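[1] pasting the sequence and the predicted coordinates here, then a few questions.
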Amino acid sequence: MFESKVYVNRRRALTEGMAMRLSGDKGIAVFVGNVDAAMNYRGNDYKFRQDSNFMYFWGIDEPWFAAVLDLDSGAECLYGNDVDIDDIVWMGPQPSVASKGEAIGCPSTAPLAEFDKAIAAAVAAGRPVHFLPPARYYNVMKLAYLTGISTDAVRKVAPMAEDCGRHASLELVKSVVALRLIKEQCEIDELDKAAEIGYLMHTEARRGCKPGVLEQEIVGRMEGITLSKGWGTSFTTILSQNGETLHNHSHHQIITPGRLLVVDAGAQSNSYYASDFTRTYPCSGKFTTKQREIYDIVEQANELAYSLTKPGTSYWEVHLATVRYMLDQLKSLDFVRGDVDEMVACGISGLFMPHGLGHNMGMDVHDMEDLGENYVGYDDDQKRSPLLGLGNLRMARRLVPGHVVTDEPGIYFIPALIEQWKRDGTDKGFVNYAKLAEYYDFGGIRLEDDILITADGARRLGPHRLPIKSADIEAIMANE
Ligand code: GLY
Ligand code: MN
């Protein structure tokens, strides 16, 4: 938990942000924290993870809390129940809700049942009730129950003037996004910590990448590091020799000489700030010529993207410059033929890199995606592209200091996608399928770093950067 003034300032800034977007009776903003989630029966729960928006404004890292911010009077209240003797027997003594409220600069607290009454009173009085679309189903149902809105509408984001405000609040989403996108120094410190844990877990993975080792064993060892130094992983670890499958969560294969191992994994610091790195290793410790050619293109694309990442440039432009570079290089290897600018305009890069260059990162590894990707990743004057690749770009905004983005170009050879493009003529004659036929068993390569936009440019997060140059990787693997 940060100092209480951090949360006080955030709630004040949120109230101001909402005032700029609303007029008349502004209503109340409602925050529902996460509750325990049963793994297989109640009493055997998944490890608790607080809702990121609740954590950001209210800082309480425990289940069964909620809060209300009155946007007209400025009054606020934290709702939660003090423990009883049964809780003390099973969980030990706990601080009071009142003391937790003090710690976040919210001295007004009440039992959880009062939260339900506060919502019912606002609904009965016809006051606007602003809430965010919840990530967890329990919270969807809870808000539907309290407000009388359908569960579908609870997840729909729209301006409050529409349909009598019977849905999640666009004004609240935009106000929250505006704050959470720009990281404060205390958050940057946490992101640096998460990056260092990510560095250590990836170092473990690289050392574990030896012929004969089961992928699952490497995953277990690297995830142990995240638990010993932070909260745990920031997403389900991707570690596979079938790296052409972008999010491959199966780890059942034995490390085999001649193949490539994609490792895409990150950690959460104890206060939930994320890291997200990807490296690709030659399983035999040395790249083949074929592998090195593609690897070096991706490595240079990662470097190019970093060099272009600075305030005033949009990440849309950085994505396009990066895929242009990759297509130009793929052309020199005869994978594609024709005018590179035309290829970029036609989305040919999507065959090789079907995903975007990167995403926002913060307390969520894909920051605030529960609020809607376009609200988080796109400025009001930007529109999402229908092209494969660019259409999957989650962060396109004009960059400003305090943004945190990932830089994760990749090149993949996905036989099913290649076959489909060939069948449908999607490539418009630009693709040399005869050359691609030699790469069906290649796999994929992705290289990812986390970047903070600064006043005069950018810096990679974390005190150390994972080795990335092909020659450095080979030299290190030879000695591990
Ligand atoms: N590293 C996983 C992702 O960015 O989706
Ligand atoms: Mn990522």
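    Thanks, I have it. Ligands and ions are numbered 1, 2, ... in the order given.
[2] I'd say Ile297 and Leu330 touch.
    Yes - counting by Cβ atoms under 8 Å, Ile297 touches Leu330, with 7.1 Å between them. To be clear about C-beta, it is placed using only N, CA and C from the backbone, and glycine gets the same treatment.
[3] between these two, point out the one with more neighbours.
    Leu330 (26 against 22; other Cβ atoms under 10 Å).
[4] the helix or strand harbouring the more buried one: which residues count as buried?
    Under the criterion of DSSP states H and E, Leu330 resides in helix 315-332. Buried residues in helix 315-332, counted by 16 or more other Cβ atoms under 10 Å: 315-316, 318-327, 329-331.
[5] pull up the gap between the nearest residue to Trp316 once chain neighbours are set aside and ligand 2, please.
    Excluding the flanking residues, the one nearest Trp316 by Cβ to Cβ, 6 or more residues apart in numbering is Ala396, at 4.0 Å. Separation of Ala396 from ligand 2 (Cβ to the ion, to the nearest Å) stands at 15 Å.
[6] check contacts around Ala396.
    314-316, 319, 356, 377-379, 382, 384 (Cβ atoms under 8 Å, 6 or more residues apart in numbering).
[7] assign a three-state SS to the residue lying closest to Pro257 once chain neighbours are set aside, would you?
    For Pro257, ignoring the flanking residues on the chain, the nearest one in space by Cβ to Cβ, 6+ apart is Ser284 at 3.9 Å. Using DSSP: H, G, I helix; E, B strand; the rest coil, the structure places Ser284 in coil.
[8] separation between Ser284 and ligand 1?
    25 Å (Cβ to the nearest ligand atom, to the nearest Å).
[9] that residue and Lys210 touch, don't they?
    No - counting by Cβ under 8 Å, Ser284 stays clear of Lys210, with 9.4 Å between them.
[10] and what about the closest residue to Leu393 other than its chain neighbours, helix, strand or coil?
    Excluding the flanking residues, the one nearest Leu393 by Cβ to Cβ, 6+ apart is Gly356, at 3.1 Å. What three-state DSSP gives for Gly356 is coil.
[11] what residues does the residue positioned nearest the centre of the chain make contact with?
    Nearest to the mean C-alpha position of the chain, by Cα atoms, centre = their mean, lies His366 at 1.3 Å. Going by Cβ under 8 Å, 6+ apart, His366 touches 359-360, 394.
[12] what about 10 Å?
    234-235, 274, 276, 358-360, 373, 376-377, 394-395, 406 (Cβ atoms under 10 Å, 6 or more residues apart in numbering).
[13] got it, and Leu71?
    14-15, 18-19, 22, 25-29, 127-128, 130, 171-172, 175.
[14] what of Lys422?
    Neighbours of Lys422 in contact, by Cβ under 10 Å, 6+ apart: 351, 431, 433, 436-437.
[15] distance of the closest residue to Asp87 other than its chain neighbours from Tyr295?
    Excluding the flanking residues, the one nearest Asp87 by Cβ to Cβ, 6+ apart is Gln94, at 6.9 Å. Applying Cβ to Cβ, to the nearest Å, the value for Gln94 to Tyr295 is 52 Å.
[16] now stretch 262-271: buried residues?
    Neighbour count says stretch 262-271 has 262-269, 271 buried, by 16+ other Cβ under 10 Å.
[17] circling back: who's more crowded, Ser284 and Lys210?
    Just comparing Ser284 and Lys210: by other Cβ under 10 Å the higher neighbour count belongs to Ser284, 19 against 14.
[18] pLDDT at that one, what is it?
    Each residue has a pLDDT score; the one for Ser284 is 97.
[19] again with the one 10 residues further on
    The confidence metric pLDDT takes the value 98 at Ile294.
[20] confidence-wise, which helix or strand of the protein is lowest on average?
    Taking mean pLDDT, DSSP states H and E as the measure, the chain has helix 85-91 as its least confident helix or strand, at a mean of 93.
[21] which other residues reach that helix?
    With Cβ under 10 Å, 6+ apart, helix 85-91 has contacts from 43, 81, 83, 93-94.
[22] mind doing that once more with 7 Å?
    83, 94 (Cβ atoms under 7 Å, 6 or more residues apart in numbering).
[23] ok, the residue nearest to the centre of the chain to ligand 1 distance?
    Taking Cβ to the nearest ligand atom, one finds His366 at 6 Å from ligand 1.
[24] equivalent analysis for Gly372, please.
    Distance from Gly372 to ligand 1, by Cβ to the nearest ligand atom: 17 Å.
[25] which element is Ile218 on?
    helix 215-229.
[26] does that helix reach ligand 1?
    No - with Cβ under 6 Å from any ligand atom as the criterion, ligand 1 is not reached by helix 215-229; the gap is at least 13.8 Å.
[27] packing partners for that helix?
    Other helices and strands packing on helix 215-229, by 3 or more Cβ pairs under 7 Å, 6 or more residues apart in numbering; DSSP states H and E, are helix 185-208, strand 232-233, strand 238-240.
[28] and the first one, C-alpha only, in PDB?
    Backbone C-alpha positions of helix 185-208 (Å, rounded to 0.1, in the frame of the first residue of the first chain) are rendered in PDB as follows:
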ATOM      1  CA  GLN A 185       6.700   7.900  -9.400                       C
ATOM      2  CA  CYS A 186       5.500   5.400  -6.700                       C
ATOM      3  CA  GLU A 187       4.100   3.200  -9.500                       C
ATOM      4  CA  ILE A 188       7.200   3.500 -11.600                       C
ATOM      5  CA  ASP A 189       9.200   2.200  -8.700                       C
ATOM      6  CA  GLU A 190       6.900  -0.800  -8.500                       C
ATOM      7  CA  LEU A 191       7.100  -1.400 -12.200                       C
ATOM      8  CA  ASP A 192      10.900  -1.400 -11.900                       C
ATOM      9  CA  LYS A 193      10.700  -4.000  -9.100                       C
ATOM     10  CA  ALA A 194       8.400  -6.200 -11.300                       C
ATOM     11  CA  ALA A 195      10.800  -5.800 -14.200                       C
ATOM     12  CA  GLU A 196      13.700  -7.000 -12.000                       C
ATOM     13  CA  ILE A 197      11.700 -10.000 -10.900                       C
ATOM     14  CA  GLY A 198      10.900 -10.600 -14.600                       C
ATOM     15  CA  TYR A 199      14.600 -10.400 -15.400                       C
ATOM     16  CA  LEU A 200      15.400 -13.000 -12.800                       C
ATOM     17  CA  MET A 201      12.700 -15.400 -13.900                       C
ATOM     18  CA  HIS A 202      13.800 -15.100 -17.600                       C
ATOM     19  CA  THR A 203      17.400 -15.700 -16.600                       C
ATOM     20  CA  GLU A 204      16.300 -18.900 -14.900                       C
ATOM     21  CA  ALA A 205      14.400 -19.900 -18.100                       C
ATOM     22  CA  ARG A 206      17.400 -19.300 -20.300                       C
ATOM     23  CA  ARG A 207      19.600 -21.300 -18.000                       C
ATOM     24  CA  GLY A 208      17.000 -24.100 -18.000                       C
END
